[in-house]
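Asks: 3D, please:
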Amino acid sequence: MQRITPDKLASWYRQLGPAVRLYVAQWINPSDAEDVVQELFTKLTRQPREPANVRAWLFRAARHAAVNATRSRRRRSHHEAASALLRPAHRGTCDETSALDAKLAQQAIDQLPREQREVIVLRIWGQLEWKEIAATTGCPVSTAFSRYQRGLDAVRARLESTCTSKRTND
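Replies: Next up is the predicted model:
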């Protein structure tokens, strides 16, 4: 292990910062997520040595920071979660040739239970391996994988039902 250089830190921030920010934004206001991510990278610079797996270290530290931020802002989080469920569904085109509507997909992901949403974000945007996801979330690999599968199935069902109702109404 070696000490962290400014060039390495900048490279990690460019490479991993956006995914970590998205991950943290599951728990707290997205505008506050940037502050948490910057604090994590500051904390990383105070490490005596470079972590063996920087990506896993960042996501694990991000999870702890986000959980702590959630505890201190519990009332605000409940309000945001309640208002997120009341957003109207976006009706895009649903024929076979149309691309996936990103807003519609994000709404479907937002409505998932936090455990499923967390694993999907870690796997897809964080690009973590199953073992890393299990270590980050504190659950067995099999549980992480089943949460991922159930979450994707739920998103797929929501997107298909929206397309089906759209075709029926046309």
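Asks: what's A56 in contact with, if anything?
Replies: 128, 132, 135-136 (C-beta atoms under 8 Å, 6 or more residues apart in numbering). All C-beta atoms are positioned from the backbone trio N, CA, C, and that covers glycine.
Asks: next one: A61
Replies: 40, 43-44.
Asks: write the ChimeraX selection for whichever of those are buried.
Replies: ChimeraX command restricting the contacts of A61 to the buried ones, with burial defined by 16 or more other C-beta atoms under 10 Å:
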select :40,44
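Asks: in TSV: the contacts of A61, plus distance to R63.
Replies: Conversion of these to TSV gives the following (distance: C-beta to C-beta, whole Å):
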residue	distance to R63
L40	10
K43	13
L44	15
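Asks: of the contacts of A61, which belong to strands?
Replies: Among those, none falls in strands (DSSP state E).
Asks: right, and the helix or strand after the helix-or-strand element of the chain with minimal mean pLDDT?
Replies: Among the helices and strands of the chain, helix 74-85 carries the lowest confidence by mean pLDDT, DSSP states H and E, at a mean of 47. Once the chain leaves helix 74-85, the next helix or strand it forms, by DSSP states H and E, is helix 102-110.
Asks: which one is L112 nearest to, not counting chain neighbours?
Replies: Distances taken as C-beta to C-beta, 6 or more residues apart in numbering place G151 nearest to L112, at 5.1 Å, with adjacent residues excluded.
Asks: on that earlier part again, name the member of the contacts of A61 with the shortest distance to S11.
Replies: L44 (12.2 Å; C-beta to C-beta).
Asks: and T168, what's its pLDDT?
Replies: T168 is assigned 57 on the pLDDT scale.
Asks: output the contacting helices and strands for the top helix by length along the chain.
Replies: Longest helix in the chain, counting residues (DSSP state H): helix 141-169. For helix 141-169, the contact count by 3 or more C-beta pairs under 8 Å, 6 or more residues apart in numbering; DSSP states H and E identifies helix 102-110, helix 114-124, helix 130-137 as packing neighbours.
Asks: so what touches the second one?
Replies: Just to be clear, that refers to helix 114-124. 22-23, 26-27, 59, 109-110, 112, 128, 130, 132-133, 136-137, 144, 147-148, 150-152, 154-155.
Asks: how about low-confidence regions in this protein?
Replies: 1-2, 73-101, 163-170 (pLDDT under 70).
Asks: contacts only, for A154.
Replies: Contacts for A154 were tallied using C-beta under 8 Å, 6+ apart; they are 108, 112, 116.
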